[in-house]
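J.: everything below, folded, please.
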Amino acid sequence: KIRSSGENTALIERFHNSLKDRTKVMRDLKDKDTLKRFTDGWLVYYNFFRPNMALNELPPAQVAGLEYDWHSWADVVEYEKEPLKRVIRESA
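T.: The predicted model follows:
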């Protein structure tokens, strides 16, 4: 049996609510490749560039000392050079 604390549940619920809010506009999307690119980009934004309350509203990438060109969701969406996963792995 898996037990969870209220704190863990709150973190997961906050993540799901953030994802749900961001994907509302994508409900009619029918192209799986575009949906995957959108989801991958959003996860990169959420995990690296989104201001985090626990980090005094700083993005995790900044706290970790990573160099990056993105400062908003729009920056991530407009990035066209190479897959974000590759950029993050190589700079880490």
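
J.: what sits up against whichever helix in the chain runs longest?
T.: Scanning the chain for the helix with the most residues, using DSSP state H, yields helix 6-23. Contacts with helix 6-23, where a contact means C-beta atoms under 8 Å, 6 or more residues apart in numbering, come from 38-39, 42, 46, 73. C-beta coordinates here come from the backbone N, C-alpha and C atoms, glycine included.

J.: change it to 7 Å
T.: Identification of contacts with helix 6-23 by C-beta atoms under 7 Å, 6 or more residues apart in numbering yields 42, 46.

J.: downstream of it, the next helix or strand is which one?
T.: helix 32-44 (DSSP states H and E).

J.: how about the helix or strand just after that next one as PDB, C-alpha atoms only?
T.: Counting by DSSP H and E, the next helix or strand C-terminal to helix 32-44 is helix 60-63. Output of helix 60-63 as PDB, limited to C-alpha atoms (Å, rounded to 0.1, in the frame of the first residue of the first chain):
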ATOM      1  CA  PRO A  60      15.400  26.300 -10.800                       C
ATOM      2  CA  ALA A  61      17.800  26.600 -13.800                       C
ATOM      3  CA  GLN A  62      19.000  30.000 -12.400                       C
ATOM      4  CA  VAL A  63      19.500  28.600  -8.900                       C
END
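
J.: and the contacts of helix 60-63?
T.: By C-beta under 7 Å, 6+ apart, helix 60-63 touches 47-49, 52, 55, 68.

J.: flag every buried residue along stretch 21-40.
T.: By neighbour count on 16 or more other C-beta atoms under 10 Å, the buried set for stretch 21-40 is F38.

J.: do stretch 40-51 as well
T.: Buried residues in stretch 40-51, counting neighbours by 16+ other C-beta under 10 Å, are found at 41-42, 44-46, 48-50.

J.: centre-most residue in the protein?
T.: Y46 (2.3 Å; C-alpha atoms, centre = their mean).

J.: ok so, going back, so which of the contacts of helix 60-63 sits lowest on pLDDT?
T.: For the contacts of helix 60-63, the weakest pLDDT value sits at Y68, with 78.
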